[in-house]
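>>> How does the following fold in three dimensions:
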Amino acid sequence: MKVSDFNYDLPESFIAQTPVEPRDSSRLMVMNRQTGHLDHRVFRDIVDFINPGDVLVLNTTRVIPARLYAQKAETGGAVEILLLRQVDTTRWQALVGGRHVNPGVRLTFEDSPLTAIVEEALDGAERLLNFSESVSRYLYDIGYTPLPPYIHTQLDDPERYQTIYSRQEGSAAAPTAGLHFTPEVLFALKEKGVILAYCTLHIGLDTFKPVQADDVEAHHIHSEWAELSPQDAHIINEAKLAGGRIIAVGTTTARTLESAAIISAGGDPTRPDELPDMCPWRPVAAFQGDTRLFIYPGYKWRAVHALLTNFHLPKSSLLMMVSSFSSREHILNAYEVAKQEGYRFYSLGDAMFIE
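I've put the predicted structure just below:
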């Protein structure tokens, strides 16, 4: 299977640069995953497509101001840092931009006593940084919200790049499918009898990393930290046993739920090439830890029955994931229709509900 099979043409004018207001006034494309039939609605109409007894699972991760600007202590050379993953109290994995930012280089930060040492060179531009103290106390003074590189307009309100239910800090990017929800929509869903459950997946490197392999199977994604609590696992399993659907809000939630199903069958989501044989649906297991699950066509979905997502980049791992949930043909046709109908693409754009 070629990565080029997941390419499509998208003029830059379709890429949303600012969010719509209010959040729930974005557009919503509803697609039947079996037939490819499309319906065009407004996001607040999502209430019409989720049934009493269904469980809506939301990712509570919160974006940190993970983009930092530093200088080399010896030369003053500029360095740009994107924090990806906290290793311990003072050490972080990060993407680092700048010349010759090699192990042993000391970094300083303007108007801050914080310093950092480049401890280890990892893959590509990744580095392991050891800060002089916990960086968390300084992030909101020296850090910036790391908007995706295709967004060129700064947000007036950084909270607009957070979901309204975000709680646990740790992401380098927002779980953007959740950006459309307002308190009113969540209240209407609960009033209808929809069950809410939560998980956490802190989004890291692969949000920013293009698929560089020619063959889909040759691409490997980095691990990300995820958690599903025993209480939420119980809510999800009970709802399924009662006949409800498990609806994932976003690809990050979908990866967490599918990882939890793999764990329940004795598998290891950090070793996606060695998945156990499993029946079409599995209960989910509570867990806390890493996942490297890469979902692409041919994957057998074990937990998720419906998926809310945005419109994704050409040749991206996320486009491959949504194609596996329906079919490549249905998804690429839906994207062509979306262009014809003037939908807005990517992180700050419109939504798609695949059921």
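>>> Quick check: which ranges of the stretch 101-250 of the chain have low pLDDT?
205-210 (pLDDT under 70).
>>> Quick one: name whatever helix or strand follows the longest strand anywhere in the chain.
Of all the segments of type strand in the chain, defined by DSSP state E, the longest one is strand 78-86. Sequence-wise, the next helix or strand downstream of strand 78-86 (DSSP states H and E) is strand 91-97.
>>> what are the pairing partners of that following strand, and which direction each?
strand 78-86 (antiparallel), strand 126-131 (antiparallel) (DSSP bridges).
>>> And the host helix or strand of Phe353, what does it pack against?
Following DSSP H and E, one finds Phe353 within strand 351-354. Judged by 3 or more C-beta pairs under 8 Å, 6 or more residues apart in numbering; DSSP states H and E, the packing partners of strand 351-354 are strand 27-31, strand 306-310, helix 317-325. In short, each C-beta sits where N, CA and C put it, glycine included.
>>> how about those, which one is nearest Leu129?
helix 317-325 (25.7 Å; C-beta to C-beta).
>>> Give me the buried stretch members for stretch 169-185, please.
Within stretch 169-185, the residues that count as buried by 16 or more other C-beta atoms under 10 Å are 170-181, 185.
>>> Revised request: answer the last question for stretch 66-85.
Neighbour-count burial for stretch 66-85 [16+ other C-beta under 10 Å]: 66-68, 70-72, 79, 81-85.
>>> Only alpha carbons, please: show that stretch as PDB.
In PDB, the C-alpha atoms belonging to stretch 66-85 read as follows (Å, rounded to 0.1, in the frame of the first residue of the first chain):
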ATOM      1  CA  ALA A  66       5.400  24.200  24.400                       C
ATOM      2  CA  ARG A  67       7.200  26.500  21.900                       C
ATOM      3  CA  LEU A  68      10.300  28.100  23.500                       C
ATOM      4  CA  TYR A  69      12.900  30.500  22.100                       C
ATOM      5  CA  ALA A  70      16.400  30.100  23.400                       C
ATOM      6  CA  GLN A  71      20.000  31.100  22.700                       C
ATOM      7  CA  LYS A  72      23.300  29.200  22.800                       C
ATOM      8  CA  ALA A  73      25.100  30.300  25.900                       C
ATOM      9  CA  GLU A  74      28.500  30.400  24.200                       C
ATOM     10  CA  THR A  75      27.600  32.000  20.800                       C
ATOM     11  CA  GLY A  76      24.200  33.600  21.200                       C
ATOM     12  CA  GLY A  77      22.900  31.600  18.300                       C
ATOM     13  CA  ALA A  78      19.100  31.300  18.100                       C
ATOM     14  CA  VAL A  79      17.400  28.000  19.000                       C
ATOM     15  CA  GLU A  80      13.700  27.100  18.700                       C
ATOM     16  CA  ILE A  81      12.400  24.400  20.900                       C
ATOM     17  CA  LEU A  82       9.100  22.400  20.800                       C
ATOM     18  CA  LEU A  83       8.600  20.400  23.900                       C
ATOM     19  CA  LEU A  84       7.200  17.000  23.100                       C
ATOM     20  CA  ARG A  85       7.300  14.700  26.100                       C
END
